[in-house]
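Undergrad: dropping the sequence and predicted coords here.
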Amino acid sequence: MGCLFVIVLGFASTILIHYAGYALWVMILLAVLWLTALGVSAVFGHRGFGGGGNTDMMIVLAGSATAVALVLPHYQNARNERNATINISQQCGGTAATLYRSLGEKKALAQAAEVAGVDRYASMDSIECIAGIDTSRVLPVLVAETKDADRLLRERAVAILRKTKDPAALPTLVEALKDEDLIVRSNAANAIAEIGDGGTVPVLITVLQSGDKRGRGEAAIVLGKLGDPRAVPALITALEDHDPEVRWGAASAFAYGKLKDAQAVPALTKALRDPEVLVRVNAAAALGEIGDSSAAGALQNARKDREEAVRAKAREALQKIQGRAAPTK
């Protein structure tokens, strides 16, 4: 009897859960069925396979315990999922809740958006709202969208990743530095800097030193914002790179980042004669931030630059250097 109960109830439980899920009423019904079987086996159990009534009851009890162990975690997960969906619905709306459920089923964004009755562009508003509550649910989708052929979707995906400040997004953001779209690269650079994980420094240095046409200037700027001294030698070298965007990024790193290293003064002084005006502007700004008096002569010459922007930055830098050199009373 006990074995028969376990086989029948095990099969019935599987079928019921398959078609009705882990709803509370399903759990109550299954509990009633198993408890009934336990009671029947305890009262009417008979000898079988060399056992007695208690043997039947123990078989059903073991089957019940196994069923609970198998079902309870799934029920708890389903309950958590329902509560999370209700929370998403309250904070982000019904469309977001539908997307949330669909993404939980590992659907791609296009499929999830179709279920929710919106296109991928409109769905990104809901994705952004969900990301503020449960980043892990939308992170795989956002990672996939950063590689989409559609520029607008890539821009939006990286912008949302920036808002999440999730370190798990860093590998994707570093890769996005090489995107052909300037807005994508800029958002990726700012996101990496805002997350502030020093573990990305070696990767960013590799990007800076690579032969890739895109992303190297952004990598230089991020390295400046992170302020890790390990980046100084690579940034100094980048000040003489053949790519003007890389030279501009390296000068920006010293001018507007956290690296105020005097080792860069000779290279920045040389950069005051760069053919690109923005490189010269940033080089002058960087020398003013570093405040090394050895750059004063080069900055005096830069005050005669043909571009007013360079002359203005040179004057400003000299004032900063002189201000630091002035004795305090």
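TA: All right, it came through fine.

Undergrad: and the strand or helix carrying residue 121, how far out from the chain middle?
TA: Here residue 121 sits within helix 120-131, counting by DSSP states H and E. Chain-centre distance of helix 120-131: 15 Å, with CA atoms, centre = their mean, to the nearest Å.

Undergrad: what's the helix or strand hosting residue 201 packed up against?
TA: Using DSSP H and E, residue 201 maps to helix 201-209. Packing contacts for helix 201-209, counted by 3 or more CB pairs under 8 Å, 6 or more residues apart in numbering; DSSP states H and E, involve helix 170-176, helix 216-226, helix 232-238. Where C-beta positions appear, they are placed from N, C-alpha and C, glycine not excepted.

Undergrad: pull out the buried positions in the helix holding residue 121.
TA: Using 16 or more other CB atoms under 10 Å as the test for burial, helix 120-131 gives 120, 123, 124, 125, 126, 127, 128, 129, 130, 131.

Undergrad: if we can go back for a sec, most tightly surrounded among the helices and strands packed on helix 201-209?
TA: Each of the helices and strands packed on helix 201-209 was scored by mean neighbour count; the highest is helix 216-226, a mean of 27, by mean count of other CB atoms under 10 Å.

Undergrad: list the contacts of that helix.
TA: 177, 185-186, 188-189, 192-193, 196, 198, 200-201, 204-205, 207-208, 210, 231, 234-235, 238, 241, 243, 245-246, 248-250, 252-259 (CB atoms under 8 Å, 6 or more residues apart in numbering).

Undergrad: at 6 Å instead, please
TA: 177, 185, 189, 192-193, 204, 207-208, 231, 238, 245-246, 249-250, 252-253, 257, 259 (CB atoms under 6 Å, 6 or more residues apart in numbering).

Undergrad: what about the helix or strand hosting residue 6, average pLDDT?
TA: Per DSSP H and E, residue 6 falls inside helix 2-20. Averaged across helix 2-20, pLDDT comes to 77.

Undergrad: where does the stretch 1-150 of the chain dip in pLDDT?
TA: Within the stretch 1-150 of the chain, the stretches with pLDDT under 70 are 1-2, 42, 45-54, 56-57, 75.

Undergrad: one more time with 80, if that's ok
TA: 1-6, 9-10, 17-27, 30, 33-35, 37-64, 66-81, 84, 105-107 (pLDDT under 80).

Undergrad: save the helices and strands packed on helix 201-209 as CSV, and put in distance to residue 278 too.
TA: Below are those laid out as CSV (distance: least, CB to CB, whole Å):
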stretch, distance to residue 278
helix 170-176, 23
helix 216-226, 11
helix 232-238, 15
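
Undergrad: tell me which of those sits nearest to residue 308.
TA: Closest to residue 308 of those, according to CB to CB: helix 216-226, at 24.1 Å.
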